[in-house]
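Engineer: Sequence below, structure please.
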Amino acid sequence: MHPKPRPIEEVPAHEHRYRLVVENLREVVFQLDAQGRWTYLSPAWTELTGFSAEECLGQRNMEYVHPDDHALCHELGRALLSRQKECCKHEMRYRTRDGGYRWVEVYVRLLLGDDGTTYLGTCGTIADITERREALAALARRERYLTALVEIQQRLLATGASESLHARLMAPLGEASGASRVYFFEAHRSSDGNLLFSQRAEWCAPGVKPKLDNPQHQDMHLERLMPHLYELLSRGQLLSGPVRGLPTAEREALEPQHILSVLVLPVWVHGTLAGFIGFDNCVEEREWDKLEVDLLMAAAGGISLALEQRQSERALREREQRFRRIAENASDVMYRYQLAGTRSFAFVSSGVTKKLGFTPEEHYRDPELWLRQAHPEDRETLERLLTQPEKHDCPVVVRSRTRDGNTVWQQHVVTPVLDAAGLCVAVEGIARDITERHQVEEALKLSEASFRVLLEGVPEPAAIQQNGQIVYANAALVSSLGFQGPRELLGRRLEEFILDEPPAPPGTALLVTGERRLKRKDGNVRTAEFASLPLLFSGQPAVVCIARDVTEQRQLQSRLSLADRMASMGTLAAGIAHEINNPLAFVISNLGFLSDELNRLPSSAVQAPGSRAEPREDWRSVLTEAREGAERVRQIVRQLKAFSRPDEERVEPVDLHAVLDSAVMLAANEIKHRARLKREYGPVPKVMGNDGRLCQVFLNLVVNAAQAIPEGAAQQNEIRLVTRIGPDGFSVLVEVQDTGSGISEDALGRIFDPFFTTKPVGVGTGLGLSICHGIITSLGGYIAVESQVGKGTTVRVILPPARNGSYVAKPSAPTQTPTARRGRVLIVDDEPAVGRALRRILREHDVELATSGRQALERLTEDKSFHVVLCDVMMPDLAGKDLYEAIQQGGSGLEQRFVFVSGGAFTSGARDFLAKVPNPTLEKPFDEAAVKRVVRDLVMSQLPATGT
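Structural biologist: Residues are numbered from 1 along each chain as shown. The predicted structure follows:
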């Protein structure tokens, strides 16, 4: 047990003063008993270690000493006990409360009894020297790092261009840093552009396994393997610290290598990450202090500068080699002419021998060689070029004589070489042989006169533009644009006359290609196809534009397009007429049947109880009106069929009055609100023409006449159709007269021009009269227009008469109908209602129905005793033509008893078939009398004659 300290009041005064001195010392005053246990510790102990004196008294001193210092303590204890030393001073480490250690300087001496021999223990002082030790260690590290930096700089200077720079620097860095391993990774790009890192150099402390041959350290995708490290390096920052504190990816990559602490520094070359230097500690965890990091960063910076210098030197050598290769292989002559000191050629490429016949060595020996060989008229120019290059900022052409006396044209481009004071000390230049180009330019100048003559002889409009302005225009272009002479066009831009063309940038010529609209001086617009080609004109870049007028061609295409549309409309009209004819046929027939049945009924049969006495007249009136309406529909359908006939090229005798009536019926809606229609038809023969095309002509003329009259005054205006024999005595004259607004004299001269119209925008296309003119002239006729503004217009059409054409006469009165004989009739029509209507018309005969061509073929194959076969032309499964030919092949002769029924055979094949066969044809809707007459005639021709 250690003695308790006495209370102060029991301590003598001199001992009390001693304690005050001891307790205020910064050093720790201690006392140990013979077993090495603390018996006294001054308050400075708590400040040094964090332990209080009370908790330490009675404990062994060795429990607070660093394990590595135990041997030293035992050795010093033995030395004191053996009386070899009376006192000792040594440095060691004491443990602190926070688990660390502090460096101290311990002064200890023996504590003996009063007899001077008894060993009581030891006493002494403990002084904290941690900061002094750290300062000395930092100073030593700094010296070590500085020594390493000096060695690195020496090695950088001593390393040859072919030696590995990194391998020579790893050892001093490793020895200075105290690291277990130092390595360098170089950055490079893969073929797909990814930034990869490969290990190039390494230094390892004794006992540490090298990693340089590890294939995993080659072509590392650092951004994927260690993203945090890659991000720091990309920003020019370092990575430092224990591995256990790093992100997961970095920790998983470093811990298998037994790395405890790491320091990684980026290496940048010319502003680009070129790699990194790494320091691994595999023995203990440690932190690199700021001094170490700064010194290592300085070393990395020195390496970066050395790498930059190497890259710059390598690039300079490569550029110089490339320049020399280019200079030696270039067709141009490259040279450097020294002005400082004695004038001389410092460099002349070997191409000069081929161009001038003199070798580069001859130029080096003779600085005046070029001046002597220059053409006398160009010698002064060459002298100024070589001595005052700053005054020549554009190419200069000089003539020189070769060794064999020939003259070559050379174009020189020079650049002055200035010293630090801004004085010109040399001239660098390129001399290009332009002899062939000069000859071509001379030949071109000679050929330009021929080119002008050629363009003048070209019938197509042509212009040459330079800097966006016309510098030449041939006579065809002047005429096409409506000018008097080429001077009116010179200096103007071609796009001024081209509509819808975006303007070209100022000073540039317009490369016009393709079809454009060309505006003449008088305002008329023509269509032209342009072709442009760049060329040299008077030695300067230019553009030649040649145009071809295609106005008439485009107008013809428009006519053809319109004709196609008209043909499509005709096909549509024919289809509509055919579809209307079928229901119209049985409607008209049924109305006729009802009318006949009504006439047969006695009056009492139609008398309703409580009604007035004569309802028969009301019913007859209703049926009559219905038949008149259906008859009007039939007439309209007939006009549509005439208008839509596909054989427009067929020319045959045509009843002109029927054509005019058809045109009037089609234009009735346009006429009725504007004018009264008058027909003044004279006795005229048929004309040679095509009823469909003539209907198109007169429909157009009648519609034009109606549209020239405003709506709302139909009683005050009239449209008159007049036919008579022409002035030559045999042609047919047709006049379409109106009392409309008339046409002005200026417009009258262009009335037949395509696309010209006097109608408002959106009303007319300007093609109607042009097409009429084309149709009439193609038929050998003539069309003319007379008009007076405010009084009206007259259009005269003269057409040639048909050969042997008879005059159109009124139909004669019907002859006496013979007594009917009963026969057998087969009706073939895919519309059952049409068949039933025909059966009612032919009720005095034995009638059978077939609703398809195939059904009729089976019936006629079985039974050949039918007197008449009424067959529809157009049927879906087996058409009338096919049924006729099948019966004809059977040889029964039944095909002679066929009567064809047509609702509008709008196919060319059906029309040709009907024109070829001798059989009669009935048009839908039916004329009952005609149907009965045709059937009766066939029946009568087959039954035997009977006596009266």
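Engineer: Alpha carbons only: can I get whichever strand or helix holds Val934 in CSV?
Structural biologist: Following DSSP states H and E, the helix or strand that holds Val934 is helix 928-942. What follows is helix 928-942, C-alpha atoms only, in CSV (Å, rounded to 0.1, in the frame of the first residue of the first chain):
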residue,chain,number,x,y,z
GLU,A,928,-93.0,0.3,-125.7
ALA,A,929,-94.0,0.6,-129.3
ALA,A,930,-90.5,-0.1,-130.5
VAL,A,931,-90.2,-3.1,-128.3
LYS,A,932,-93.5,-4.5,-129.5
ARG,A,933,-92.7,-3.8,-133.1
VAL,A,934,-89.2,-5.5,-133.0
VAL,A,935,-90.6,-8.6,-131.2
ARG,A,936,-93.7,-8.7,-133.6
ASP,A,937,-91.4,-8.5,-136.7
LEU,A,938,-89.2,-11.4,-135.5
VAL,A,939,-92.2,-13.5,-134.5
MET,A,940,-93.9,-12.8,-137.8
SER,A,941,-90.8,-13.7,-139.7
GLN,A,942,-90.6,-17.2,-138.2
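Engineer: Residues contacting that helix, please?
Structural biologist: Residues outside helix 928-942 that contact it (C-beta atoms under 8 Å, 6 or more residues apart in numbering) are 589, 592, 814, 817-818, 820-823, 825, 838, 841-842, 845, 867-868, 870, 897, 899, 920, 922. From N, CA and C alone the C-beta is placed, and that goes for glycine too.
Engineer: Now a ChimeraX select for only the buried ones of those residues.
Structural biologist: Per 16 or more other C-beta atoms under 10 Å, the buried members of those correspond to this ChimeraX selection:
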select :589,592,821,823,825,838,841,842,845,867,868,870,897,899,922
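Engineer: that older thread, show me what counts as buried in the helix holding Val934.
Structural biologist: Judged by neighbour count (16+ other C-beta under 10 Å), helix 928-942 contains these buried residues: Glu928, Val931, Lys932, Val934, Val935, Arg936, Leu938, Val939, Gln942.
Engineer: pLDDT score assigned to the first one?
Structural biologist: Here, the pLDDT recorded for Glu928 equals 79.
Engineer: And the fourth one, by the same measure?
Structural biologist: Here the pLDDT value assigned to Val934 is 89.
Engineer: what does the second one give?
Structural biologist: In this model, Val931 is scored at 86, pLDDT.
Engineer: low-confidence ranges in the stretch 701-850 of the chain?
Structural biologist: Under the criterion of pLDDT under 70, the regions of the stretch 701-850 of the chain flagged as low confidence span 749-750, 752-768, 804-820.
Engineer: any idea where the helices of it begin and end?
Structural biologist: Assignment of helices within the stretch 701-850 of the chain using DSSP state H, counting those that start in this stretch yields the ranges 745-748, 768-778, 832-841.
Engineer: So which of these is nearest Gln484?
Structural biologist: When the helices of the stretch 701-850 of the chain are ranked by proximity to Gln484, the top entry is helix 745-748, at 22.9 Å, counting by C-beta to C-beta.
Engineer: in the closest one, what counts as buried?
Structural biologist: Leu748.
Engineer: swap in stretch 330-350?
Structural biologist: Applying a neighbour-count criterion of 16+ other C-beta under 10 Å, the buried positions in stretch 330-350 are Asp332, Val333, Met334, Tyr335, Tyr337, Gln338, Leu339, Ser344, Phe345, Phe347, Val348, Ser349.
Engineer: and that stretch, C-alpha only, in PDB?
Structural biologist: Listed next in PDB are the C-alpha coordinates belonging to stretch 330-350 (Å, rounded to 0.1, in the frame of the first residue of the first chain):
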ATOM      1  CA  ALA A 330       5.300  18.600-103.100                       C
ATOM      2  CA  SER A 331       5.100  19.800-106.600                       C
ATOM      3  CA  ASP A 332       5.500  23.400-105.300                       C
ATOM      4  CA  VAL A 333       8.900  24.800-104.400                       C
ATOM      5  CA  MET A 334       9.200  25.700-100.700                       C
ATOM      6  CA  TYR A 335      11.900  28.000 -99.600                       C
ATOM      7  CA  ARG A 336      13.300  30.100 -96.700                       C
ATOM      8  CA  TYR A 337      15.400  33.200 -97.700                       C
ATOM      9  CA  GLN A 338      17.500  34.700 -94.900                       C
ATOM     10  CA  LEU A 339      17.700  38.500 -94.700                       C
ATOM     11  CA  ALA A 340      19.700  38.900 -91.400                       C
ATOM     12  CA  GLY A 341      23.400  39.200 -92.100                       C
ATOM     13  CA  THR A 342      24.400  37.900 -95.500                       C
ATOM     14  CA  ARG A 343      21.500  37.100 -97.600                       C
ATOM     15  CA  SER A 344      21.200  33.500 -98.500                       C
ATOM     16  CA  PHE A 345      18.800  30.600 -99.100                       C
ATOM     17  CA  ALA A 346      18.400  28.700 -95.800                       C
ATOM     18  CA  PHE A 347      16.200  26.000 -97.300                       C
ATOM     19  CA  VAL A 348      15.000  25.100-100.800                       C
ATOM     20  CA  SER A 349      12.900  22.000-101.400                       C
ATOM     21  CA  SER A 350      14.200  19.500-103.900                       C
END
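Engineer: Run the chain-centre distance for it.
Structural biologist: The gap between where stretch 330-350 is centred and where its chain is centred comes out at 51 Å by C-alpha atoms, centre = their mean, to the nearest Å.
Engineer: same check, this time on stretch 529-549
Structural biologist: Stretch 529-549 has its C-alpha centroid displaced from the chain centroid by 30 Å (C-alpha atoms, centre = their mean).
Engineer: buried sites along that stretch?
Structural biologist: Within stretch 529-549, the residues scored as buried using 16+ other C-beta under 10 Å are Glu529, Phe530, Ser532, Phe537, Ala542, Val543, Val544, Cys545, Ile546, Ala547, Asp549.
Engineer: same deal with stretch 75-91?
Structural biologist: When burial is assessed from 16+ other C-beta under 10 Å, stretch 75-91 yields the following buried residues: Leu76, Gly77, Leu80, Cys88.
Engineer: the inter-axis angle of the helix holding Val934 versus helix 832-841?
Structural biologist: 70 degrees (axes from the mean of the first three to the mean of the last three C-alpha atoms, to 10 degrees).
Engineer: picking up where we left off before, taking the buried residues of stretch 529-549 together, which two end up most distant?
Structural biologist: Those two in the buried residues of stretch 529-549 that are separated most widely, counting by C-beta to C-beta, are Phe537 and Asp549, at 24.2 Å.
Engineer: shaky segments in the stretch 251-400 of the chain?
Structural biologist: Applying pLDDT under 70 to the stretch 251-400 of the chain flags residues 323, 325-329.
Engineer: Pick out the lowest-pLDDT one from the buried residues of stretch 529-549.
Structural biologist: For these, the least confident position by pLDDT is Phe537, scoring 76.
Engineer: bridging residues for it?
Structural biologist: Here Phe537 sits in beta bridges with Gln540, as judged by DSSP bridges.
Engineer: mind starting the numbering at 14 from now?
Structural biologist: Yes, from this point I'll number from 14; that puts the last item at Phe550.
Engineer: what's it in contact with, if anything?
Structural biologist: By C-beta under 8 Å, 6+ apart, Phe550 lies in contact with Glu461, Ile477, Gln479, Val484, Tyr485, Val557.
Engineer: Compute the number of surrounding residues for the third one.
Structural biologist: Summarising burial for Gln479: neighbours were counted as other C-beta atoms under 10 Å, giving 16.
Engineer: and if you look at the fourth one?
Structural biologist: Here the number of neighbours of Val484 (other C-beta under 10 Å) works out to 17.
Engineer: how far away is it from Arg561?
Structural biologist: Counting by C-beta to C-beta, to the nearest Å, the separation of Val484 from Arg561 is 22 Å.
Engineer: Tell me the one of the buried residues of stretch 343-363 nearest Leu304?
Structural biologist: Of the buried residues of stretch 343-363, the one sitting nearest to Leu304 (C-beta to C-beta) turns out to be Phe360, at 52.5 Å.
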